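A.B. asks: coordinates for the following, if possible.
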Amino acid sequence: MFKSSKKILVIEDDNITRNLYLKGLEAKGFEIVGAANGRVGIQQVQEHIPDLVICDITMPDMDGYRVLTTLRQDPTTAVIPFIFLTGSSTRADIRKAMELGADDYITKPSTLDELLRAIASRLQRQANLQYWCATKLQKVAKPVSTDNTALTSPSSIFPDIPQLKEVFDFIEAHYHEGITLCDVAEAVGYSPAYLTNRVARQTGETVNCWIVKRRMVGARFLLQNNDRTVEQIAKELGYQDVSHFSRQFRQHHGLPPQAWRKKH
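C.D. replies: Here you go, the predicted structure:
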């Protein structure tokens, strides 16, 4: 599925291990790049912009945690899927890796098949995200009409946090479809509890709060720009129950939808 067109960078200080993975991935059709330490790995990422990075954690001079932190701070490399490869499997190590924004965590010794499955999963998730983004951009590019529920660009709604970009992109593309926390968590590959904690820690708001905020932006736009009923607007924003919509709208604006429309 991803052969030949995908470039994989392996950062591993052990020459034997690194060469085994590089040869195995090359045999499967991937374009491969190797790095013997973290500093060289960062240089290789910036030079080659690979489709995915596999990185050992325990390395001299610069460990894998610092590599990931550095890459996530650069907008050019922040969204590259990143898989940790390590001999440690403690809960604390795994949690630290995920908190820094790692996409997966594989313990050594591992087989080539295990590595390939992890790579396929991450690349598929990245492909899904790119598809959602392309679909969203197509919608935004269309002229706005009274039948269009596309509202404002996500940059005006969501904070600019590279580690959460795919979360916010998914919400932006699907907020009007009645999505929930579980839908977002499944789309980005995390458990609902972990995703809730991660988003809340970085934004001060939960995933559900961001979904509701995006719907409220849509609600204000529709209330101001057409004559649809409140019930019709609620359905367009993914609400099954107009009372639920009205209650959330009042909580955010201090007025029920129809009263807000008259005032504005």
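
A.B. asks: thinking residue 18 is in contact with residue 12, fair?
C.D. replies: Yes - with contact defined as Cβ atoms under 8 Å, residue 18 reaches residue 12; the gap is 3.8 Å. Any C-beta I mention is one placed from the backbone N, CA and C, and that applies to glycine too.

A.B. asks: quick check: neighbours shared by the two?
C.D. replies: 34, 36 (Cβ atoms under 8 Å, 6 or more residues apart in numbering).

A.B. asks: the more surrounded of these two?
C.D. replies: Using other Cβ atoms under 10 Å as the criterion, residue 18 and residue 12 rank with residue 12 on top: 24 against 19.

A.B. asks: list the contacts for that one?
C.D. replies: 18, 21, 34, 35, 36, 54, 55, 56, 59, 85.

A.B. asks: now swap in residue 101 and tell me
C.D. replies: Going by Cβ under 8 Å, 6+ apart, the list of residues near residue 101 reads 68, 72, 82, 163.

A.B. asks: secondary structure element for the spatially most central residue of the chain?
C.D. replies: Residue closest to the average C-alpha location in the chain (Cα atoms, centre = their mean): residue 166, at 2.4 Å. Assigned by DSSP states H and E, residue 166 belongs to helix 165-174.

A.B. asks: chain center to the very next helix or strand once past that helix: distance?
C.D. replies: Toward the C-terminus, helix 165-174 is succeeded by helix 181-188 as the next helix or strand (DSSP H and E). Here helix 181-188 shows a centroid-to-chain-centroid distance of 10 Å under the convention Cα atoms, centre = their mean, to the nearest Å.

A.B. asks: now swap in stretch 186-202 and tell me
C.D. replies: Worked out by Cα atoms, centre = their mean, stretch 186-202 lies 10 Å from the chain centre.

A.B. asks: buried sites along it?
C.D. replies: Residues of stretch 186-202 classed as buried by neighbour count (16 or more other Cβ atoms under 10 Å): 187, 188, 189, 190, 192, 195, 196, 198, 199.

A.B. asks: for the second one, what are its contacts?
C.D. replies: If a contact means Cβ under 8 Å, 6+ apart, then residue 188 has 125, 166, 167, 170, 195 as its contacts.

A.B. asks: now tabulate the residues you listed in JSON lines and tack on distance to residue 47 and pLDDT.
C.D. replies: Listed next are the contacts of residue 188 as JSON lines, based on distance: Cβ to Cβ, whole Å; pLDDT from 0 to 100:
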{"residue": "125", "distance to residue 47": "25", "pLDDT": "78"}
{"residue": "166", "distance to residue 47": "24", "pLDDT": "91"}
{"residue": "167", "distance to residue 47": "29", "pLDDT": "92"}
{"residue": "170", "distance to residue 47": "30", "pLDDT": "91"}
{"residue": "195", "distance to residue 47": "32", "pLDDT": "84"}
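
A.B. asks: great, nothing more from me.
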